[in-house]
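K.L.:
Return atomic coordinates for the entry below.
(chains A and B, ligands or ions: 1)
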Amino acid sequence: MCEGNCENCKNQKVETDPKRRSFLSWSVGAINLAVLGGIFTPVIGFIGSPLRQKPKDDWIDVIGQDEIPVGATREVRFKAKVVDGYQTVTREYVVFLKRYPEKIVAFDPACTHLGCRILYKDDQKKYLCPCHGGVFDEDGKVVSGPPPRALTEHAVRIKDGRVFVDRRLTDAT
Amino acid sequence: MPHDVLSPEEPVVGKHVKSEQEQLVADRPSIKDWTDLRLGWWGFVRKNLDEPMPPGVGWWQTLGNLLMTLLAFQFVTGLALAMFYSPGTESAYLSVKHINEGHPVGLFVRGLHVWGSTLIVCVTVAHVLRVFFWGSYKKPRELTWVVGVMIFNVILGFSFTGYLLPWDQKAFWATTVGTRIAGTLPVVGQGLMTLIRGGEEVGALTLTRFYAIHIMVLPAALMGFTALHLYLVRRHHIAGPVVPQKGEPVKFYPNQLFKDAIVVLLGVGILAYMSLSMPPSLEAIADPTGADFAPRPEWYFLGMYELLKIMPAGWEVLATAVIPGFVTVGMLLVPWIDRAKSRHPAYRHWTIVAGTAVILMIGIMTLKGILETPPEHKAAHAAEKVSVGTPEVTPVPRLESGR
Ligand code: FES
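P.N.:
Numbering: from 1, shown residues only, chains lettered A, B, ... in the order given. The predicted structure follows:
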């Protein structure tokens, strides 16, 4: 291996003009930055593109209004076509619909703690979360456990006796 | 300049060692000489084999080598799996099912990969604990320790991203909850979660993202950190026992290498046995609406999972970010926190006490998580599913969105 004693090493010259020397080194730095920027700007922009997608509302007819008695809570499943990255898939969703005398509220089944799927216990009129023991009452309020806030709601509209639920969550969170 | 004449200033080389000049002009250099002149490889190998082992170095110092071997195994089995795996929401599950069922060796190779990850975590922890209690991170080996901690985190990253890939219930739900943890961070949480998931929900882009990170980003990071770690270990040599022992240092080859080989054989044997006797499972395909599944992370994240249970409402960020963050930063800074001159545990009271407390906390929490019986949840779920009516409404008429 060359240990600094080959012909080339011994005879090499150094750039001595300080102006030229600093010009060259600054140029190398600038060019390298430009090259790095050229690679990483599009790449980071692409990786971060999901951040710029704004959720759109998507109303889905899930059930007839009369199918839920006043005061009752129903677990309702519905399917919706959603764009999932590079594909459009039919995905199944679940909401818990609670009918009050004057309105219907749709609770999202994701626990507000860390998103586990909650269950409604009809006899206790409570939602239980299997993960860390969160409990919500039938109005979605936290009764006990670690969840930091009430259940998230989906927007609901009633039209011609049918209940429409916005698949997207409202920004109440 | 003619090459066959040595200049008078050139140092005289002993008869048994050929100078580069002599090697160059030799008509028929041996293969060893030929390659060595071009690669300088044998010198490098020699240097590593002749690495001095201080007296008292022995079985405890074999863990690093075992870890390297297990990581190499992960690389090779991962490569094989990647040839059969397809990271799509439909195809991921089917391809893993095919790996499991389509070929007798497939299940075994996947077993090696799955159990390998568990074994790696165990060996890494043992390795870290040895270095910690021996105080081997002390000057001048601080950066060796820091790079080691980075490697530890990369290994956990591998586990987190790899867990999703089979796209079964376990994978989907653990990732749903796991990524929500990022969402609990103040201010940047939601954005970070969307970025990690590649969208709002765990879906096709989460899978491709995790796959890319698992097979490209993390391996590159691991290789870089490992190379740096090994370079530093060689540069500063092995620290040796806390109390210097009598005797002369011994060359790495063959005594220590033999011990390493025995431990590697044992480790790989255990890995093969586990893969054969406990083939990796595959649950039902991921079902975002499924109510009969209680998510649980991989066992070595169970400590954090248990910690989350005992946090009061609104304080989950303590368990998800603050405490793990403190532990990680604390680990990184250990060489500077521990000011004691001596490496002996008896002179490092506070470091040892604090370290032991953290280790006990993590250990107890993990054990608690492991002992918790998940089947109860499942039974409870199944019972409730019957009691709640589940009217299904399809197909899907839409209402024009208008606001
Ligand atoms: S996710 Fe429901 S209590 Fe933690």
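K.L.:
what number of residues lie near residue A:18?
P.N.:
Using other CB atoms under 10 Å in any protein chain shown, the number of residues around residue A:18 comes to 8. C-betas here are computed from N, CA, C, even on glycine.
K.L.:
I should have written residue B:106 there, sorry.
P.N.:
With neighbours defined by other CB under 10 Å, the count for residue B:106 comes to 17.
K.L.:
before we move on, what about the one 10 residues further on?
P.N.:
Taking other CB under 10 Å as the neighbour definition, residue B:116 ends up with a count of 23.
K.L.:
Next: the one 4 residues further on.
P.N.:
Here the number of neighbours of residue B:120 (other CB under 10 Å) works out to 21.
K.L.:
Ok, the one 4 residues further on next?
P.N.:
Applying the criterion other CB under 10 Å, we find 21 residues in the vicinity of residue B:124.
K.L.:
three-state assignment of it?
P.N.:
helix (DSSP: H, G, I helix; E, B strand; the rest coil).
K.L.:
Hmm, residue B:152 and it touching each other?
P.N.:
Yes - between residue B:124 and residue B:152 there is a contact under CB atoms under 8 Å: 5.7 Å.
K.L.:
Now the common contact residues for the two.
P.N.:
Common neighbours of residue B:124 and residue B:152, using CB atoms under 8 Å, 6 or more residues apart in numbering or on different chains, do not exist here.
K.L.:
Now do the helices for chain A: every range, in order, please.
P.N.:
With DSSP state H, the ranges of helices along chain A come out as A:7-11, A:18-47.
K.L.:
Report pLDDT for residue B:291.
P.N.:
pLDDT for residue B:291: 71.
K.L.:
in the stretch 1-150 of chain B, which segments are predicted with low confidence?
P.N.:
Where the stretch 1-150 of chain B drops to pLDDT under 70, the residues are B:1-26.
K.L.:
how about the helices in it?
P.N.:
Under the criterion DSSP state H, counting those that start in this stretch, the stretch 1-150 of chain B contains helices at B:20-25, B:31-39, B:41-49, B:63-82, B:91-101, B:104-134, B:142-164.
K.L.:
the inter-axis angle of the fifth one versus helix B:63-82?
P.N.:
Using axes from the mean of the first three to the mean of the last three CA atoms, to 10 degrees, the interaxial angle of helix B:91-101 with respect to helix B:63-82 works out to 110 degrees.
K.L.:
Deepest-packed of the helices of chain A, please.
P.N.:
Of all the helices of chain A, helix A:18-47 carries the top mean neighbour count, a mean of 10, counting by mean count of other CB atoms under 10 Å in any protein chain shown.
K.L.:
For it, give the mean pLDDT please.
P.N.:
Average pLDDT, helix A:18-47: 97.
K.L.:
How far off centre is it?
P.N.:
Centroid displacement of helix A:18-47 relative to its chain, using CA atoms, centre = their mean, to the nearest Å, is 34 Å.
K.L.:
residues of stretch A:99-109 that come out buried?
P.N.:
A:99, A:104, A:105, A:106, A:107, A:108, A:109 (16 or more other CB atoms under 10 Å in any protein chain shown).
K.L.:
Report the entries of those that also contact the ligand.
P.N.:
Among the buried residues of stretch A:99-109, no residue is within reach of the ligand (CB under 6 Å from any ligand atom).
K.L.:
show me where pLDDT drops low in chain A?
P.N.:
A:1, A:170-173.
K.L.:
how much space between the closest residue to chain A within the stretch 1-150 of chain B and residue B:230?
P.N.:
Closest residue of the stretch 1-150 of chain B to chain A, CB to the nearest CB: residue B:40 (5.0 Å). As judged by CB to CB, to the nearest Å, residue B:40 and residue B:230 stand 18 Å apart.
K.L.:
go on, residue B:96?
P.N.:
Applying CB to CB, the value for residue B:96 to residue B:230 is 33 Å.
K.L.:
Of the two, which one has the most company?
P.N.:
Remark: of residue B:96 and residue B:230, residue B:96 carries more neighbours, 24 against 15, as counted by other CB under 10 Å.
K.L.:
didn't the more buried one look like it was pressed against residue B:162?
P.N.:
No - applying CB under 8 Å as the test, residue B:96 and residue B:162 come out as separate, 11.5 Å apart.
K.L.:
All the helices of the stretch 151-300 of chain B, residue numbers only.
P.N.:
B:169-183, B:189-197, B:204-212, B:218-236, B:257-277.
K.L.:
winner for burial among those helices?
P.N.:
Comparing the helices of the stretch 151-300 of chain B by mean neighbour count (mean count of other CB under 10 Å), helix B:169-183 comes out on top with a mean of 23.
K.L.:
Okay, angle between that one and helix B:204-212 too, please.
P.N.:
Angle, helix B:169-183 to helix B:204-212, by the same axes, to 10 degrees: 90 degrees.
K.L.:
Let's test this: mean pLDDT of helix B:169-183, rounded?
P.N.:
89.
K.L.:
now that helix against helix B:142-164, angle please.
P.N.:
If you take the same axes, to 10 degrees, helix B:169-183 sits at 130 degrees to helix B:142-164.
K.L.:
In CSV, list the C-alpha atoms belonging to helix B:169-183.
P.N.:
C-alpha atoms of helix B:169-183 as CSV (Å, rounded to 0.1, in the frame of the first residue of the first chain):
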residue,chain,number,x,y,z
GLN,B,169,-54.8,-9.4,12.9
LYS,B,170,-51.9,-9.3,15.3
ALA,B,171,-49.8,-7.3,12.9
PHE,B,172,-52.5,-4.8,12.0
TRP,B,173,-53.7,-4.1,15.5
ALA,B,174,-50.3,-3.8,17.1
THR,B,175,-49.4,-1.3,14.4
THR,B,176,-52.6,0.6,14.7
VAL,B,177,-51.9,1.1,18.4
GLY,B,178,-48.2,1.4,18.0
THR,B,179,-48.5,4.2,15.5
ARG,B,180,-51.1,5.9,17.6
ILE,B,181,-48.4,6.2,20.2
ALA,B,182,-46.6,8.7,17.9
GLY,B,183,-50.0,10.5,17.7
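K.L.:
Show me what it is packed against.
P.N.:
helix B:142-164, helix B:189-197, helix B:204-212 (3 or more CB pairs under 8 Å, 6 or more residues apart in numbering or on different chains; DSSP states H and E).
K.L.:
If we use 7 Å, what do you get?
P.N.:
helix B:142-164, helix B:189-197 (3 or more CB pairs under 7 Å, 6 or more residues apart in numbering or on different chains; DSSP states H and E).
K.L.:
between it and helix B:189-197, how many degrees?
P.N.:
Comparing the axes of helix B:169-183 and helix B:189-197 via the same axes, to 10 degrees yields an angle of 140 degrees.
K.L.:
Run a quick neighbour tally on the nearest residue to residue B:208 once chain neighbours are set aside.
P.N.:
Nearest residue to residue B:208, sequence neighbours excluded (CB to CB, 6 or more residues apart in numbering or on different chains): residue B:87, at 5.4 Å. Per other CB under 10 Å, the neighbour tally for residue B:87 reads 21.
K.L.:
surely residue B:87 meets residue B:213?
P.N.:
No - Residue B:87 is not in contact with residue B:213 according to CB atoms under 7 Å; the separation is 11.2 Å.
K.L.:
Now render the helices of chain A as TSV, adding distance to residue B:242.
P.N.:
Listed next are the helices of chain A as TSV, based on distance: least, CB to CB, whole Å:
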stretch	distance to residue B:242
helix A:7-11	45
helix A:18-47	45
